[in-house]
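S.K.: prediction below, plus the sequence it came from.
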Amino acid sequence: MMLRVSSIVYAALIYGFIFLPVFVLVLFSFQASLFPIPPFNGPSLRWYAAVLADKRLIAGLGNSILVALSTSALATLIGFLSAWGFARFHLPKSALMRGLITAPLTISYLIIGMGLLVFFNRIGVPKSLLAVGIGHVVINMPLCFAIIYSQMGDHQANMERAARDLGAPEWKVLSLITAPLLWPAIFASFFLSMTFSWDEFVISFLLTRFDTTLPVEIWNLLRAGLNPKTNAVGSLVFGVSVLMAILFEIFAFRKRPA
């Protein structure tokens with residue numbers, strides 16, 4: 001009995017440590033007064049209305065959604081094709097090349113962002129959402145590759161071989177056999193990429209100038225001092241992340257008819 005109580009208390013402390021800051025953020029996003037400090041005075045949607053009326057925040061939200069969707073789709077496509085190539089063909093130094101592809105997973109975003117900034121300055125690419133998109137593909141593609149490559153097994157190869165024996169061209173084998181069989185891994189790669197791209201700050205901060213993403217706009221709010229709008233916009237970002245996680249759970253793990 002004592003062990004059970006101790007386990008419950010320990011779990012409560014762990015979850016409290018993780019989620020208490022988020023709870024405080026969401027709670028004070030409904031604070032009616034100017035300063036987000038105790039005692040709580042609300043609830044009120046005042047600061048959510050202020051966020052929706054802020055053109056820079058709304059523009060940053062649109063930019064974040066655009067970058068997250070486009071870069072996740074591109075990173076997933078490149079990761080899928082790369083995984084398929086390494087899994088189905090015998091390439092020289094295959095292990096070394098796979099290691100080079102997944103190397104960005106072990107490198108700080110700050111180092112990647114600074115390297116991209118120097119490289120783009122050298123070739124004349126200005127700071128823009130395009131530069132941020134390239135950076136997000138760089139950091140997300142290795143993750144997509146690792147997830148999809150880990151799910152490529154012999155049973156897919158046998159079905160692909162059977163399709164080729166029946167006369168299917170390679171593009172049909174790839175689109176009608178390989179991709180549907182790997183759909184859960186592809187879907188997981190896309191949603192994880194969206195989650196990482198949606199709230200990524202360092203690369204977005206280094207590679208944007210005027211058209212910025214939402215995390216950079218939040219940073220600009222924080223630089224100006226204590227602003228109650230930051231709680232509201234932070235709660236919105238958290239809500240979108242939770243929504244994406246729920247959608248991932250629904251579509252990736254739902255039971256399919258036999």
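M.R.: Perfect, I can see it now. Numbers count the residues shown, from 1 in each chain.

S.K.: can you show me the CA trace of stretch 189-198 as PDB?
M.R.: Taking C-alpha atoms only, stretch 189-198 is exported to PDB below (Å, rounded to 0.1, in the frame of the first residue of the first chain):
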ATOM      1  CA  SER A 189       7.300  11.900 -39.900                       C
ATOM      2  CA  PHE A 190       5.100  14.700 -41.300                       C
ATOM      3  CA  PHE A 191       3.400  15.500 -38.000                       C
ATOM      4  CA  LEU A 192       6.600  15.400 -36.000                       C
ATOM      5  CA  SER A 193       8.200  17.800 -38.600                       C
ATOM      6  CA  MET A 194       5.200  20.100 -38.300                       C
ATOM      7  CA  THR A 195       5.500  20.100 -34.500                       C
ATOM      8  CA  PHE A 196       9.200  20.900 -34.600                       C
ATOM      9  CA  SER A 197       8.900  23.500 -37.300                       C
ATOM     10  CA  TRP A 198       5.800  25.200 -35.700                       C
END
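
S.K.: for the host helix or strand of residue 6, buried residues please.
M.R.: Here residue 6, judged by DSSP states H and E, is contained in helix 2-28. Of the residues in helix 2-28, those buried under the neighbour-count criterion (16 or more other C-beta atoms under 10 Å) are 25-28. All C-beta atoms are positioned from the backbone trio N, CA, C, and that covers glycine.

S.K.: so what's the gap between the longest helix anywhere in the chain and the chain middle?
M.R.: Counting by DSSP state H, the longest helix found in the chain is helix 55-88. Its chain's average C-alpha position is 9 Å from that of helix 55-88, according to C-alpha atoms, centre = their mean, to the nearest Å.

S.K.: what's that helix packed up against?
M.R.: helix 94-102, helix 129-150, helix 154-165, helix 183-198, helix 214-223, helix 229-253 (3 or more C-beta pairs under 8 Å, 6 or more residues apart in numbering; DSSP states H and E).

S.K.: in CSV: the ones you listed, plus mean pLDDT and mean neighbour count.
M.R.: CSV is the format used below for the helices and strands packed on helix 55-88 (pLDDT from 0 to 100; neighbours: other C-beta atoms under 10 Å):
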stretch, mean pLDDT, mean neighbour count
helix 94-102, 87, 13
helix 129-150, 92, 22
helix 154-165, 80, 13
helix 183-198, 87, 20
helix 214-223, 83, 18
helix 229-253, 77, 16
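
S.K.: and of the ones you listed, who's closest to residue 51?
M.R.: Distance to residue 51, taken as C-beta to C-beta, is lowest for helix 229-253 among these, at 4.8 Å.

S.K.: just want the angle from the closest one to helix 183-198.
M.R.: 170 degrees (axes from the mean of the first three to the mean of the last three C-alpha atoms, to 10 degrees).

S.K.: tell me what helix 229-253 is packed against?
M.R.: Looks like helix 229-253 contacts helix 2-28, helix 46-53, helix 55-88, helix 183-198, helix 214-223 (3+ C-beta pairs under 8 Å, 6+ apart).
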